[in-house]
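Novice: got a sequence here, can you model it:
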Amino acid sequence: MAVRHFLTLNDMSTAELEDLLVHASKLRQSWHNGEIRDSLKNRVLAMIFEKSSTRTRVSFEAGMFQLGGSALFLSPRDTQLGRGEPIEDSSIVISSMVDAVMIRTFAHDIVERFAAASRVPVINALTDDFHPCQLLADMQTYREHRGSIRGATVAWIGDGNNMCNSYINAAEKFDFHLNVACPEGYEPDPAIVERHRDRVSVISDPAEAARGAHLLVTDVWASMGQEDEQQARTKAFHSYQINPQLMALADKDALFMHCLPAHRGEEISEDMLDHASSVVWDEAENRLHAQKALLEFLILGQLD
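Specialist: Residues are numbered from 1 along each chain as shown. Coordinates of the predicted model:
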């Protein structure tokens, strides 16, 4: 069987993604019931971090342990990737010793090159272009609270970044329409928008994007590596905040999500994480369960 990778949502069919989300919710319930699961006993996940993260490390590492396996944390100081060894050489060696590899890095071509040389599944845990693992958690959370997202309207408010790109892919895979509200100069990748032009509307007015939407989502204005742009971005995005006034324009049952960490008082108002529409804490926990389902699917080749 050919090795399956998960570099973007497009690496799975809609049916596979839907089955994975159903399984993730079962894993969540099983974990809350205190049930023990050892489906990945004696399996090892290598976790390569060139970008730091709280939720990504905790969710993948805890997930492997909860499934009976183990995880290796590798920072830039722990691998030859940061010392000039060709990515392909590192991939051949590392993938000969573990059962799967998770990479969180900057350039998307790094995960593509690593996957091309790997004999085991490779998971994109975030690049500058895409963040598909977060979308699994988001889609699982929406399903658990509101059922199928098919036919819904989702409003992305803010930067056209990696999360926005993955939401565009999700619009196609899960059959919803995405309104992207962003200031001029901060639009999502035009090539991605063009490929999904029947699913995406890019506009400048947050109120227009939010009106009647079933889900409002945002991210920080300046992502990791963009710290020197903070002042300019704060000025450009000052009117792109999700707050109770913007939520009031959405559907009465609309949900609010944020991938975290959040900067209260910037992309969200101080009170939004505790707003009645917020499912952010469930969304954060579901990184654990969605990724456990993903690991089982990629390593075992099935969902059980």
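
Novice: every contact and neighbour count from this point should use C-alpha atoms.
Specialist: Noted.

Novice: geometric centre of this protein: which residue is closest?
Specialist: The residue lying closest to the centre of the chain (C-alpha atoms, centre = their mean) is Q134, at 1.9 Å.

Novice: count of neighbours near N10?
Specialist: 15 (other C-alpha atoms under 10 Å).

Novice: correct me if wrong: the residue nearest to the centre of the chain contacts E285.
Specialist: No. Checked against C-alpha atoms under 8 Å, the pair Q134 and E285 is beyond contact range at 10.8 Å.

Novice: coming back round to it: is it fair to say the residue nearest to the centre of the chain lies in a strand?
Specialist: No. Applying DSSP: H, G, I helix; E, B strand; the rest coil, one finds Q134 to be helix, outside a strand.

Novice: in which helix or strand would I find P188?
Specialist: Applying DSSP states H and E as the criterion places P188 outside every helix and strand.

Novice: repeat for S59
Specialist: S59 belongs to helix 55-66 when assigned by DSSP H and E.

Novice: which other helices and strands contact that helix?
Specialist: Here helix 55-66 touches strand 44-49, strand 70-74, helix 280-300, going by 3 or more C-alpha pairs under 8 Å, 6 or more residues apart in numbering; DSSP states H and E.

Novice: now mean pLDDT, mean neighbour count and distance to H108 too, for the ones you listed, in a markdown table please.
Specialist: Output for these, formatted as a markdown table (pLDDT from 0 to 100; neighbours: other C-alpha atoms under 10 Å; distance: least, C-alpha to C-alpha, whole Å):
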| stretch | mean pLDDT | mean neighbour count | distance to H108 |
| --- | --- | --- | --- |
| strand 44-49 | 97 | 22 | 13 |
| strand 70-74 | 97 | 16 | 18 |
| helix 280-300 | 98 | 23 | 20 |
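
Novice: how about CSV for the ones you listed, with distance to I157 added?
Specialist: Conversion of those to CSV gives the following (distance: least, C-alpha to C-alpha, whole Å):
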stretch, distance to I157
strand 44-49, 28
strand 70-74, 33
helix 280-300, 16
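
Novice: which of those sits closest to F114?
Specialist: Among the helices and strands packed on helix 55-66, the nearest to F114 by C-alpha to C-alpha is strand 44-49 (11.1 Å).

Novice: partners of that closest one, with directions?
Specialist: Within its sheet, strand 44-49 is paired with strand 70-74 (parallel), strand 100-104 (parallel), according to DSSP bridges.

Novice: how's this structure carved up into domains?
Specialist: Here the domain assignment for the chain is 5-131+285-300, 133-283, based on the TED database.

Novice: how far does the last one sit from the chain's center?
Specialist: Going by C-alpha atoms, centre = their mean, to the nearest Å, the spacing between the C-alpha centre of domain 133-283 and its chain's C-alpha centre is 12 Å.

Novice: end to end, how far does that domain reach?
Specialist: Domain 133-283 has its terminal residues 11 Å apart, counting by C-alpha to C-alpha, to the nearest Å.

Novice: and what of the shortest one?
Specialist: Separation of the first and last residues of domain 5-131+285-300 by C-alpha to C-alpha is 13 Å.

Novice: any idea how far that domain is from the chain center?
Specialist: Distance of domain 5-131+285-300 from the chain centroid (C-alpha atoms, centre = their mean) equals 12 Å.

Novice: could you list the buried residues of the lowest-mean-pLDDT helix or strand in the chain?
Specialist: Using mean pLDDT, DSSP states H and E, the weakest-scoring helix or strand in the chain turns out to be helix 230-236, at a mean of 90. Using 16 or more other C-alpha atoms under 10 Å as the test for burial, helix 230-236 gives 233, 236.

Novice: among the helices and strands packed on helix 55-66, which comes closest to I168?
Specialist: Of all these, helix 280-300 sits nearest to I168, with 18.5 Å by C-alpha to C-alpha.

Novice: what helices or strands is that closest one leaning on?
Specialist: Packing contacts for helix 280-300, counted by 3+ C-alpha pairs under 8 Å, 6+ apart, involve helix 14-32, helix 55-66, helix 132-146, strand 255-258.

Novice: check what contacts that helix and list those residues.
Specialist: The contact list for helix 280-300 (C-alpha atoms under 8 Å, 6 or more residues apart in numbering) reads 4-5, 20-21, 23-25, 27-28, 39-40, 55-56, 59-60, 62-64, 67, 99-100, 120-121, 133-134, 136-138, 140-141, 256-260, 273, 302-303.

Novice: please apply the same query to stretch 156-169.
Specialist: Taking C-alpha under 8 Å, 6+ apart as the rule, stretch 156-169 contacts 8-10, 126-132, 134-135, 178-183, 186-189, 192-193, 196, 199-200, 206, 209, 216-221, 237, 240-242, 267.

Novice: again, 6 Å this time
Specialist: Here stretch 156-169 makes contact (C-alpha atoms under 6 Å, 6 or more residues apart in numbering) with 128-132, 180-182, 186-188, 217-218, 240.
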